[in-house]
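Student: Below: sequence and its predicted model.
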Amino acid sequence: MARQELARFLRDRREGLRPADVGLPAGPRRRTPGLRREEVAGLAHISVDYYVRLEQARGPHPSGRILEALTGALRLTTAERNHLFRLAGASPAPPGAPSRQVRPYVADLLRRLPGSAAIVTDATYDVIAWNPLAEALLGDLGSRPNLARRRFLEPGREYGPGAADFAEIAVARLRSSAARYPHDTGLSRLLTELWDGSPEFRAVWETNPVRVPGHRTKTIEHPVAGPLKVNCDVLTVPDDDQQVVFVTADPGTPAARALRLLSPV
């Protein structure tokens, strides 16, 4: 247990947070930046004395439960969480569930790309954020549809070589997610539904594909604009195990003209 480094890490992360970041009122002017120690202790549901001793490098060896509580209280990223566990001399346990919180800079990126349809998916392929053009192209996204469910249980929505590629990409990601989040009930239900409802899913699953996201093309059947040949490019957000998918069309093509007409901006 690296007590001095653990204490420094906790202080640095506490001082880097504002009350508004954790849903607390700012209150009167503060003499020092960041949260107070008692505020962090309250957020983590531990005693103030216990937390103070950790920051003073004289505390006991914190348990995994305490470390998880501090992760939430200090709003640590996945990388920071793993670092906290290592400083405490503990092995990071896998997160209990995929992150479904979209970071502000990622949400802002969607708004700044009006010419592209853009969505954010979590590790289970739930769509957790999108821009207006994505909804115009892909239909109602307000109920948080799942892209894997669309691909395997709603045949005909997408076709062409890119659709076959996505089948392997989706299965590879879901297999990896199942290993990282073995106790997530939502993911377990999704896998059972896909297994029971799609022979194609079962066949691809049995091949144990290893694929990474990248550039691909596919054709989307839009109810008004008809078939649209589009490009899909993926940006990963490693800290949150999320992906940002950009859907565009080659300039001058019928699909590009259709996207301009569909865009509400």
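Tutor: Here it is on my side, so go on. Numbering: from 1, shown residues only.
Student: State the distance from the closest residue in space to residue 66 that isn't next to it in sequence to residue 93.
Tutor: In space, and not counting its chain neighbours, residue 66 is closest to residue 46: 6.3 Å by CB to CB, 6 or more residues apart in numbering. C-beta: built from backbone N, CA, C; applies to glycine. Computed with CB to CB, to the nearest Å, the distance linking residue 46 and residue 93 is 18 Å.
Student: With neighbour numbers in mind, choose between these two.
Tutor: residue 46 (18 against 11; other CB atoms under 10 Å).
Student: follow-up on the earlier one: my read: the residue nearest to residue 66 touches residue 68, true?
Tutor: No: counting by CB atoms under 8 Å, residue 68 is not a contact partner of residue 46; they are 11.3 Å apart.
Student: wait, is residue 261 part of a helix?
Tutor: Yes: judged by DSSP: H, G, I helix; E, B strand; the rest coil, residue 261 forms part of a helix.
Student: residues in contact with the closest residue to it other than its chain neighbours?
Tutor: In space, residue 261 comes closest to residue 225 once its chain neighbours are excluded; the distance is 7.2 Å by CB to CB, 6+ apart. Residues counted as contacts of residue 225 (CB atoms under 8 Å, 6 or more residues apart in numbering) are 258, 261-262.
Student: Derive a PyMOL selection command for the buried subset of the residues you listed.
Tutor: The following PyMOL line selects those of the contacts of residue 225 that are buried, judged by 16 or more other CB atoms under 10 Å:
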select buried, resi 258+262
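Student: Please identify which of the contacts of residue 225 is nearest to residue 20.
Tutor: Residue 20 has its nearest neighbour among the contacts of residue 225 in residue 262, at 36.6 Å by CB to CB.
Student: Give me the distance between the two termini of stretch 220-230.
Tutor: End-to-end distance for stretch 220-230: 7 Å, by CA to CA, to the nearest Å.
Student: what about that stretch, average pLDDT?
Tutor: Averaged across stretch 220-230, pLDDT comes to 88.
Student: so is residue 230 in a helix, a strand, or just coil?
Tutor: strand.
Student: so it touches residue 253, yeah?
Tutor: No: using CB under 8 Å, residue 230 is not in contact with residue 253; the gap is 9.3 Å.
Student: Which one's more surrounded, the two?
Tutor: residue 230 (25 against 13).
Student: Can you name the residues that contact that one?
Tutor: Going by CB under 8 Å, 6+ apart, the list of residues near residue 230 reads 117, 217-220, 247-249, 255, 259.
Student: Low-confidence ranges, the protein, go.
Tutor: 26-32, 94, 155-163, 265 (pLDDT under 70).
Student: Could you check how many residues crowd around residue 180?
Tutor: 14.
Student: isn't it right up against residue 173?
Tutor: No: with contact defined as CB under 8 Å, residue 180 does not count as touching residue 173 (10.5 Å).
Student: what's the overlap in contacts for the two?
Tutor: What both residue 180 and residue 173 touch, as defined by CB under 8 Å, 6+ apart, is the set residue 123.
Student: and the spatially closest residue to residue 147 that is not a sequence neighbour, what are its phi and psi?
Tutor: Take residue 147 and drop its neighbours on the chain: the residue closest to it by CB to CB, 6+ apart is residue 125, 4.3 Å away. Taking degrees, to the nearest 10, you get phi 70, psi 20 for the backbone angles of residue 125.
Student: Domain parsing of the protein, as residue ranges.
Tutor: Split into domains by automatic domain parsing, the chain comes to 3-87, 104-262.
Student: Need those in JSON lines (columns: distance to residue 97).
Tutor: Formatted as JSON lines, the domains of the chain follow (distance: least, CB to CB, whole Å):
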{"stretch": "domain 3-87", "distance to residue 97": "12"}
{"stretch": "domain 104-262", "distance to residue 97": "4"}
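Student: what's the closest of those domains to residue 98?
Tutor: Here domain 104-262 is closest among those (CB to CB), at 3.7 Å.
Student: Just the terminal-to-terminal distance for that closest one.
Tutor: Using CA to CA, the two ends of domain 104-262 sit 26 Å apart.
Student: Begin at 26, not 1, for the rest of this chat.
Tutor: Sounds good: first residue 26 from here, last item domain 129-287.
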